[in-house]
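S.K.: Quick one, structure for this:
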Amino acid sequence: MNLLDSINAIVPGCRVISIVGGGGKTSLLFALASDAREAGRAVLVTTTTRVYDPRDEGRALDGFILDPSWATAGSSLPTATVGRANAGVANGGCVVVAGSGVETGKLVAMHPAVIDACPADWSLVLVEADGARHRPIKAPADHEPVIPSSTDVVCAVIGLDCLGQPLDEAHAFRPELVGRATGLVCGHSMDVHTIARLCAAPLGCFKETPAGASRLLILNKADLVAPEMARMVAESALMAALVDAVIITNLGNQRADHGIRDILVGGCRGSKGNLV
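M.R.: Numbering: from 1, shown residues only. Model prediction:
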């Protein structure tokens, strides 16, 4: 299974996926978009924060649309039919990126209410809902994340390269907030328990998850740790937090499955083998 198939196996029929957490969010965003395009789906990719202009990063996309009115509630996104036409795609899958503008090389946020009112013929809507300045782990500030209420799945990304590293600005975004959420003193090494506590904390990586939305933990950069360590982190998070599933992956891998290493479902009842 690819990443999108894996998420659909855990949360069947999900349409709006919001992505939060540490570095790797944009890679996850476009990996899921690629999976959906290959399945012939119309995908809208957007953000409620500021992300680097994907055109400058060489991301795979078919269309790019901007409208300043999308920064405020009450405005409307185009239908997928219009999006396909603007992208030059008559039929089949396409990936269209939408924002309310571009400033200093970054795509400007959309108002979450505009995303909530997204026309139904967009079969998948992918939202990057906070930033981390490429750090592998973070805890959200008071004003973030900004997650649309229509979200079906919140994917929280944590890079496994944080393990064994000190809780400081070089290895965590807003380390003091990670410390507040987990009880870890700044400067001390992050470990399995740090990640589990961050997943469980009310002010941790699943903060502002809408009621009824599923929580998926994405443990990225699995190639940098032993498989046993990655699975230990996943199992610890499942036991400590209201996490529905964990996907262990390496988003830098160019294989069709984006380097999925393992999938664990709530309570460690499942693995990749019995989700396929």
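
S.K.: Where does the closest residue to Val185 other than its chain neighbours fall, secondary structure wise?
M.R.: Closest residue to Val185 apart from its sequence neighbours, by CB to CB, 6 or more residues apart in numbering: Gly179 at 6.3 Å. For the C-beta atoms, the positions are set from N, CA and C on the backbone; glycine is no exception. With elements taken from DSSP states H and E, the one containing Gly179 is helix 175-182.

S.K.: Now do the helix or strand following that helix against helix 175-182, angle only.
M.R.: In the C-terminal direction, the helix or strand that comes right after helix 175-182 (DSSP H and E) is helix 192-200. Put simply, helix 192-200 runs at 80 degrees to helix 175-182, going by axes from the mean of the first three to the mean of the last three CA atoms, to 10 degrees.

S.K.: in helix 192-200, what's buried?
M.R.: Residues Val192, Thr194, Ile195, Ala196, Arg197, Leu198, Cys199, Ala200 are the ones in helix 192-200 that count as buried (16 or more other CB atoms under 10 Å).

S.K.: And for stretch 79-99?
M.R.: Per 16+ other CB under 10 Å, stretch 79-99 contains these buried residues: Ala80, Gly83, Arg84, Ala87, Val89, Gly93, Cys94, Val95, Val96, Val97, Ala98, Gly99.

S.K.: and the buried residues of helix 192-200, which two are the farthest apart?
M.R.: Val192 and Ala200 (12.8 Å; CB to CB).

S.K.: Quickly list what's touching both of those two.
M.R.: Jointly contacting Val192 and Ala200 under the rule CB atoms under 8 Å, 6 or more residues apart in numbering is no residue at all.

S.K.: Surely Asn233 touches Ile195?
M.R.: Quick fix: residue 233 is Val, not Asn. Yes - under the criterion of CB atoms under 8 Å, Val233 makes contact with Ile195 at 5.4 Å.

S.K.: Overlap in contacts, the two.
M.R.: Counting by CB under 8 Å, 6+ apart, the residues touching both Val233 and Ile195 are Leu163, Leu219.

S.K.: ok so, going back, between the buried residues of stretch 79-99, which is nearest Ile248?
M.R.: Checking the buried residues of stretch 79-99 one by one against Ile248 (CB to CB), the nearest turns out to be Val95, at 25.2 Å.

S.K.: any residues touching whichever strand or helix holds the closest one, and which ones?
M.R.: Using DSSP H and E, Val95 sits within strand 94-99. Around strand 94-99, the neighbours that count as contacts under CB under 8 Å, 6+ apart are 30, 33-34, 36-37, 42-47, 54, 59-67, 70, 77, 83-84, 86-87, 107-110.

S.K.: Return a ChimeraX selection command for the buried portion of these.
M.R.: Buried residues within the contacts of strand 94-99, by 16+ other CB under 10 Å, are selected in ChimeraX with:
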select :30,33,34,36,37,42,43,44,45,46,47,54,59,61,62,63,64,65,67,70,77,83,84,87,107,108,109,110
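
S.K.: now, which of the contacts of strand 94-99 lie within helices?
M.R.: Phe30, Ala33, Ser34, Ala36, Arg37, Gly83, Arg84, Asn86, Ala87 (DSSP state H).

S.K.: these two touch, right, the last one and Asp62?
M.R.: What it means is Ala87. Yes - assessed by CB under 8 Å, Ala87 is found in contact with Asp62 at 3.9 Å.

S.K.: Looking at the buried residues of helix 192-200, spot the one nearest Ala213.
M.R.: Once CB to CB is applied, the member of those that ends up nearest Ala213 is Cys199, at 14.6 Å.

S.K.: What pLDDT is listed against the nearest residue to Ala39 once chain neighbours are set aside?
M.R.: Counting by CB to CB, 6+ apart, Ala39 lies nearest to Gly93, which is 6.4 Å off, once chain neighbours are set aside. Gly93 carries a pLDDT score of 95 in this model.
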